[in-house]
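Asks: turn this into a model:
(2 chains)
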Amino acid sequence: DTAVSQTPKYLVTQMGNDKSIKCEQNLGHDTMYWYKQDSKKFLKIMFSYNNKELIINETVPNRFSPKSPDKAHLNLHINSLELGDSAVYFCASSLAGLDTDTQYFGPGTRLTVL
Amino acid sequence: QKEVEQDPGPLSVPEGAIVSLNCTYSNSAFQYFMWYRQYSRKGPELLMYTYSSGNKEDGRFTAQVDKSSKYISLFIRDSQPSDSATYLCAMSPPRGWGKLQFGAGTQVVVTP
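Replies: Numbering: from 1, shown residues only, chains lettered A, B, ... in the order given. Prediction:
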């Protein structure tokens, strides 16, 4: 009965590789988000999708590409991984993306780039 | 300078004490203010939500917003060891589509 799930939970890879992180929510929400949390615990929004449409697209290297095949899924693909990409990536979802909607976070994917 | 400033701590208190957390911000457009709790190796979960200025109480938790000073607070009464976590403030302007600006988080340790 997990609300927001992410796979994988841990990802260790070499510089220059391409990797994907998957996110799924079973809450029936319309809006999904990707956040990056760095080593100092600072949580920063990267992207959001509402009903498969890109809504928020922060200043993020274009090596990061989100993809929403349907409103229950939001994946994050990262090309040519760099050391600075090491972080915990959180997926979240909310009912409609309104300011008053609660965002529900997944458990995170801990990415380590060697 | 970050839009939202929060002391990272750690803040260590004995069980039963009042925990006082706060954030300052620079963007006067922020209208929605939240506190999230994050346990180690878990995702953040919403604790309190306040719109504009004022106080809100929920059990042992009280959130305060002072927009004139651009300052928000969270108080935890009768703290328990299970309250040990990182507390993140977050805020957003109107029509932000959920674009939250987070503080860096304050680590709280409640010792038995």
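Asks: what does chain B put close to chain A?
Replies: B:8, B:31-32, B:38, B:41-46, B:49, B:51, B:86, B:88, B:90, B:92-100, B:102, B:104-105, B:107 (Cβ under 8 Å from any Cβ of the partner chain). All C-beta spots, glycine's among them, are computed from the backbone N, C-alpha and C.
Asks: switch to 7 Å and redo it
Replies: Chain B has residues B:32, B:42-46, B:86, B:88, B:92, B:94-100, B:102, B:104-105 near chain A, with proximity defined as Cβ under 7 Å from any Cβ of the partner chain.
Asks: mind checking which of the residues you listed are buried?
Replies: Buried subset of the residues of chain B next to chain A (neighbour count, 16 or more other Cβ atoms under 10 Å in any protein chain shown): B:32, B:43-44, B:86, B:88, B:92, B:96-100, B:102, B:104-105.
Asks: could you look up the SS state of the nearest residue to residue B:109 once chain neighbours are set aside?
Replies: Of all residues not flanking residue B:109 in the chain, residue B:12 sits nearest, at 4.6 Å (Cβ to Cβ, 6 or more residues apart in numbering or on different chains). Three-state call for residue B:12 (DSSP: H, G, I helix; E, B strand; the rest coil): strand.
Asks: contact partners for residue 44?
Replies: You didn't say which chain, so I picked chain A. Residue A:44 is in contact with A:35-36, counting by Cβ atoms under 7 Å, 6 or more residues apart in numbering or on different chains.
Asks: look at chain B instead
Replies: Per Cβ under 7 Å, 6+ apart, neighbours of residue B:44: A:105, B:36-38, B:88.
Asks: measure it to residue A:19 for me?
Replies: With distances taken as Cβ to Cβ, to the nearest Å, residue B:44 is found 23 Å from residue A:19.
Asks: residues from chain A in reach of chain B?
Replies: Near chain B, when you scan chain A using Cβ under 7 Å from any Cβ, you find A:31, A:33, A:40-43, A:45, A:48, A:55-56, A:90, A:94, A:97, A:99-103, A:105-108.
Asks: and residue B:1, what pLDDT?
Replies: pLDDT, residue B:1: 69.
Asks: circling back to that earlier point, closest to chain A among the buried ones among the residues of chain B next to chain A?
Replies: Chain A has its nearest neighbour among those in residue B:43, at 3.3 Å by Cβ to the nearest Cβ.
Asks: you'd agree that closest one is up against residue A:109?
Replies: No. Taking Cβ atoms under 7 Å as the definition, residue B:43 is not a contact partner of residue A:109, at 10.4 Å.
Asks: pipe the buried ones among the residues of chain B next to chain A into JSON lines and attach secondary structure and pLDDT per row.
Replies: Below are those laid out as JSON lines (DSSP: H, G, I helix; E, B strand; the rest coil; pLDDT from 0 to 100):
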{"residue": "B:32", "secondary structure": "strand", "pLDDT": "92"}
{"residue": "B:43", "secondary structure": "coil", "pLDDT": "94"}
{"residue": "B:44", "secondary structure": "coil", "pLDDT": "95"}
{"residue": "B:86", "secondary structure": "strand", "pLDDT": "96"}
{"residue": "B:88", "secondary structure": "strand", "pLDDT": "96"}
{"residue": "B:92", "secondary structure": "strand", "pLDDT": "90"}
{"residue": "B:96", "secondary structure": "coil", "pLDDT": "78"}
{"residue": "B:97", "secondary structure": "coil", "pLDDT": "77"}
{"residue": "B:98", "secondary structure": "coil", "pLDDT": "82"}
{"residue": "B:99", "secondary structure": "coil", "pLDDT": "88"}
{"residue": "B:100", "secondary structure": "coil", "pLDDT": "91"}
{"residue": "B:102", "secondary structure": "strand", "pLDDT": "94"}
{"residue": "B:104", "secondary structure": "coil", "pLDDT": "93"}
{"residue": "B:105", "secondary structure": "coil", "pLDDT": "94"}
